[in-house]
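Could you look at this predicted model? Sequence included:
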Amino acid sequence: MSKSLFASKSFWFNALTAAAAILTAISGHAEIIPQAVMPYVVAILAAVNIALRMVTTEPVVIMK
């Protein structure tokens, strides 16, 4: 059994992460997160992504 892409927590987490990055870039406030902290932010995002993938039990399909 598979589920819709839009029912995927991984999809929504990554979509929100991308939206936040794009909005930060176009707002001109790219210094919201200091450069020294950025590696930790990226590591946390990667860890959340890995955790979501580990709890995934069903494949997703683009069109359902």
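In hand now; what should we look at? Because the structure is predicted, anything quoted here is derived from the model rather than measured.

What confidence value was assigned to the residue nearest to the spatial centre of the chain?
The C-alpha lying nearest the average C-alpha coordinate of the chain belongs to Asn14 (CA atoms, centre = their mean; 2.2 Å). Per-residue confidence (pLDDT) for Asn14: 93.

Name the SS class of it, please.
Asn14 falls in the helix class when you classify it by DSSP: H, G, I helix; E, B strand; the rest coil.

would you list every one of the strands in this protein?
Along the chain, counting by DSSP state E, strands occupy 3-4, 60-61.

right, and those - which one's nearest His29?
strand 60-61 (33.3 Å; CB to CB). Just so you know, the C-beta spots here come from the backbone N, C-alpha and C atoms, and that holds for glycine as well.

residues making contact with the closest one?
Around strand 60-61, the neighbours that count as contacts under CB atoms under 8 Å, 6 or more residues apart in numbering are 2-5, 7-8, 11.

Could you spell out the sheet neighbours of it, each with its direction?
strand 3-4 (parallel) (DSSP bridges).

now the strand it pairs with: mean pLDDT?
Averaging pLDDT along strand 3-4 gives 88.

among the contacts of strand 60-61, who's most crowded?
Highest neighbour count within the contacts of strand 60-61, by other CB atoms under 10 Å: Ser8, with 18 neighbours.
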